[in-house]
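# Mind looking at a prediction? Sequence and model below.
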Amino acid sequence: MAPQPAELPRRATALRLVHTGIAAAELAALGHVWVCALTGRRDRGLAVSAGALAAEGVALVIGRGNCPLGPLQRRLGDPVPLFELVLPPRAAKAAVPVLTAAALAGLAVVAVRGIGGDEFSSAGRSYLS
């Protein structure tokens, strides 16, 4: 069973909270990309979301496919990877590749729909022209 926050050192608990916030923001960014992909909407939030996902991608490259916060998390006394707090170990291991594929697919749909241009609002068309 995963250590509960009360059982963790204070710094490990703080990092777990920050890490959870980052994960929530990344999932929100992924959701926003897909909303834009499916509705054809383009807004500043899309650019922010795409940037956040790109930054996460860079972090995963630095971590060689693993979250670069993992080693820091273990050093601070929290041995349980973040996704294993909510998913079984096998599903947690698959989460990063699945979420990466979902992010790339959503961004690809946005890009492909942007090429046609007729799916977007007049503000989006003028931006693309």
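In hand now; what should we look at? Keep in mind the model is a prediction, meaning the values are calculated, not measured.
# residues contacting I22?
L69 (Cβ atoms under 8 Å, 6 or more residues apart in numbering). Yep, even glycine has a C-beta here, placed from its N, CA and C like the rest.
# What of the one 3 residues further on?
A25 sits next to A52 when contact means Cβ under 8 Å, 6+ apart.
# so where does it fall, helix or strand?
Element membership of A25 [criterion: DSSP states H and E] is helix 10-39.
# quick one: the spatially most central residue of the chain and N66, what's the gap?
Central residue of the chain (Cα atoms, centre = their mean): E26, 3.1 Å from the mean position. Using Cβ to Cβ, to the nearest Å, E26 is found at 15 Å from N66.
# Could you do L15 as well?
For L15, the distance to N66 - Cβ to Cβ - is 15 Å.
# Compare the two (neighbour count), which wins?
More neighbours surround L15 than the other of L15 and N66, with 20 against 14 (other Cβ atoms under 10 Å).
# Hmm, L69 and that one touching each other?
Yes. The pair L15 / L69 is scored as a contact, 7.0 Å apart, by Cβ atoms under 8 Å.
# pLDDT (mean, whole number) over the strand or helix carrying V96?
Taking DSSP H and E as the definition, V96 sits inside helix 89-116. Mean pLDDT, helix 89-116: 91.
# which of the residues in it are buried?
Along helix 89-116, these residues count as buried under the neighbour rule (16 or more other Cβ atoms under 10 Å): 92, 95-96, 99-100, 103, 106-107, 109-110, 113-114.
# cool, stretch 12-23 as well?
12-13, 15-16, 19, 22-23.
# got a list of what V48 touches?
A29.
# What sits closest to L8 if chain neighbours are left out?
D78 (5.5 Å; Cβ to Cβ, 6 or more residues apart in numbering).
# you'd agree that neighbour is up against A12?
Yes. Counting by Cβ under 8 Å, D78 touches A12, with 4.0 Å between them.
# which residues sit against stretch 52-63?
25-26, 29-30, 33, 66-68, 70, 96, 100, 103, 107.
# Just the closest of the residues you listed to G40, please.
Closest approach between the contacts of stretch 52-63 and G40, by Cβ to Cβ: V33, at 12.6 Å.
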